[in-house]
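**Q** all I have is the shape, not the residue letters:
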């Protein structure tokens, strides 16, 4: 790599830009001092010139609101950062509220910031590469943010929303052809039309899984769904590239059997009862024999699972490398079964087993038996305590 020769003992511009690039990683706006980046401009005139010319340095804007002072600061400084980033540099935008510092006008204040971060006609929104938007209030009137999500966002790759409520009649983000990761928590938004590039979907759920969305997301590699209502899939869906499936919601009858994931290797499932294990065993689209990681998620501290069903599940997953149980009430019967079924997972170094914060490599042969016995002695006193 050739660099322009230094003058007057200064670093070449190209090397200084590399230094700035590294600083972008270590200096984050979420710190208490959001103008740390501006201190680069105080070193010398040459640093000021190079920094202001280096658009990427200013294209990541992290707005964290904790007080009226921070709101007032960002209504001005956000414009400065956008100006320094130039008219074409892709933008990484984060706007979150950390406290309810203004009980009456906080929604209106966020609207003013969003108007800056989208632009009057969406010209800024078209440059979004990443958007994280997490207002703190859950009682914000539906539709208050509709306009700001009605613009095309062709460069948007990562979208993370929490507590956002959009009218279903709104044309929500009409162009998301580059979207690869979508994370939604406590949201009610219209369907996203373009998800063909989506590789990661993380959401909480308030009813039926959107079969139409899953059918379009043919490149999906990770799907996580968390919620209290039943997860039910209304028709068969094929996800040929899915590697990581995490369903931490109660399962309705037949839903998991409608999901076809031929290349799945990592599976987390909520077990509300032993019947959920039967549903997993009957789901022909879940290749249990291919699984390398299995996480048995249980929300009840006193839950008892049928050892016979657990035995069937262990026999159906002989190639596991990692097995995790969230509660001791599930982990203890599984470990007891592993003691009895000593022919499983006998390939060195053996199965890695975890429960709560405790994890260990079980090993093989006699070592496996001794490790399991030690693990049981650790877990049995914890049966009545949450992790």
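**A** Alright, I've got the coordinates. The structure presented is a predicted model; accordingly, all values stated were derived computationally and were not measured.

**Q** ramachandran angles for residue 325?
**A** Backbone torsions for residue 325, taken as degrees, to the nearest 10, come to phi -120, psi 130.

**Q** which residues does it contact?
**A** 295-296, 298, 331, 334, 354-355 (Cβ atoms under 8 Å, 6 or more residues apart in numbering). Bear in mind the C-beta positions are built from the backbone N, C-alpha and C, glycine included.

**Q** pick out the lowest-pLDDT one from the residues you listed.
**A** In this model, the minimum pLDDT among these belongs to residue 298 (76).

**Q** quick one: it and residue 339, what's the gap?
**A** Residue 298 is 20 Å from residue 339, where distance means Cβ to Cβ, to the nearest Å.

**Q** residue 90 now?
**A** 55 Å.

**Q** between these two, which one's more packed in?
**A** residue 90 (18 against 13; other Cβ atoms under 10 Å).

**Q** dihedrals phi and psi, that one?
**A** phi -60, psi 140.

**Q** from residue 174, how far out is it?
**A** Counting by Cβ to Cβ, the gap from residue 90 to residue 174 is 19 Å.

**Q** what of residue 314?
**A** Distance of residue 314 to residue 174, computed by Cβ to Cβ: 48 Å.

**Q** okay, these two: which has more neighbours?
**A** Neighbours around residue 314 and residue 174, counted as other Cβ under 10 Å, are more numerous at residue 314. The numbers are 19 against 14.

**Q** any low-confidence regions in this structure?
**A** Along the chain, segments meeting pLDDT under 70 span 1-9, 24-33, 100-105, 137-139, 205-210, 299-303, 382-387.

**Q** show me where it has helices.
**A** Under the criterion DSSP state H, helices of the chain are mapped to 13-26, 45-53, 68-85, 106-118, 211-216, 274-282, 307-316, 328-340, 365-379.

**Q** buried set for the fifth one?
**A** Residues of helix 211-216 classed as buried under the neighbour-count rule (16 or more other Cβ atoms under 10 Å) are 211, 213-214, 216.

**Q** quick one: the strands in the stretch 201-350 of the chain, in order.
**A** Using DSSP state E, counting those that start in this stretch, the strands of the stretch 201-350 of the chain run over 222-226, 237-238, 244-248, 259-260, 266-270, 293-297, 322-325.

**Q** contacting residues for residue 94?
**A** 29-30, 61-64, 130-133.

**Q** of those, which is the most crowded?
**A** residue 63 leads the contacts of residue 94 on contacts (other Cβ under 10 Å) with 26 neighbours.

**Q** tell me what that residue is bridged to.
**A** Following DSSP bridges, residue 63 is listed with bridge partners residue 95.

**Q** surely it touches residue 96?
**A** Yes. Between residue 63 and residue 96 a contact is recorded at 7.3 Å, counting by Cβ atoms under 8 Å.

**Q** what's the closest non-adjacent residue to residue 230?
**A** In space, and not counting its chain neighbours, residue 230 is closest to residue 252: 4.4 Å by Cβ to Cβ, 6 or more residues apart in numbering.

**Q** against residue 203, how distant is that neighbour?
**A** Look at residue 252 and residue 203: by Cβ to Cβ, they are 17 Å apart.
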